[in-house]
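**Q** Model the following, please.
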Amino acid sequence: MTTTETLTSPTTAFDQRALRSFYGGMPSGVLALAAMVDGAPIGMAVSSFTNVSLDPPLVVVSIRSESSTWPVLSKAAVIGASILAEPQAACGKQLSMGEADSRFDDINYSVADSGAVVIDEAAAWFEATPSEPIQAGDHFLVLLALQSISSDTDRAPLLFFRSKFAGVRHA
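**A** Got it, this is the predicted structure:
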């Protein structure tokens, strides 16, 4: 079934379900943001992020304005970010749902000297300093200034596509 929305002006109201479905058709990676806050790991999964700049090295993430996790996580001076690998769909789901204090149950992670938390066996990971959030509709954008980076080229990233986790298939 195909849904068509007419693009007549920038003030046209979209059907929210159709727009959500349209956005869901844009595949994205799954990023776990995490840090130690008050002695406990705090984290969340996001699927809207991208690189912004090489100099200085910046990544931007988009976070729902209603997030109850971000206000706690943003207390950390340095945040760990892990691009989850294909076998980590359960980890991605767990980090995106439920109570923040149980999101790390049965998830293997490492803590850097900075307090940044990275998920073990992720496809790639980095430590970053977050900026102040910039309001953007029902989300806000946070620039992450990279402090360190690492990747495992043998691990393919986990994707989020049409509201489901998926893997990478090369043509």
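**Q** Quickly list what the residue positioned nearest the centre of the chain is bridged to.
**A** Taking CA atoms, centre = their mean as the criterion, Val46 is the residue nearest the geometric centre of the chain, at 2.4 Å. Note on Val46: beta-bridge partners Leu31, judged by DSSP bridges.
**Q** these two touch, right, it and Leu33?
**A** Yes - Val46 is within contact range of Leu33, at 6.3 Å (criterion: CB atoms under 8 Å). Heads up, the C-betas are built off the backbone N, CA and C, glycines and all.
**Q** Overlap of the contact sets of the two?
**A** Both Val46 and Leu33 are contacted by Val61, under the criterion CB atoms under 8 Å, 6 or more residues apart in numbering.
**Q** could you point out which element follows the helix-or-strand element of the chain with minimal mean pLDDT?
**A** Every helix and strand in the chain was compared by mean pLDDT, DSSP states H and E; the lowest is helix 16-24, with a mean of 83. For helix 16-24, the succeeding helix or strand toward the C-terminus, using DSSP states H and E, is strand 28-29.
**Q** That next one pairs with which strands, and in what direction?
**A** strand 159-161 (antiparallel).
**Q** which parts of the partner strand are buried?
**A** Residues of strand 159-161 classed as buried: Leu159, Phe160 (neighbour count, 16 or more other CB atoms under 10 Å).
**Q** what about stretch 115-134, how long is it end to end?
**A** 24 Å (CA to CA, to the nearest Å).
**Q** residues in contact with the residue nearest to the centre of the chain?
**A** Val30, Leu31, Leu33, Val61, Ser62, Ile63.
**Q** ok, now Leu84?
**A** Gly29, Val30, Leu31, Ala32, Ala45, Cys91, Gly92, Ile119, Ala122, Ala123, Pro157, Leu158.
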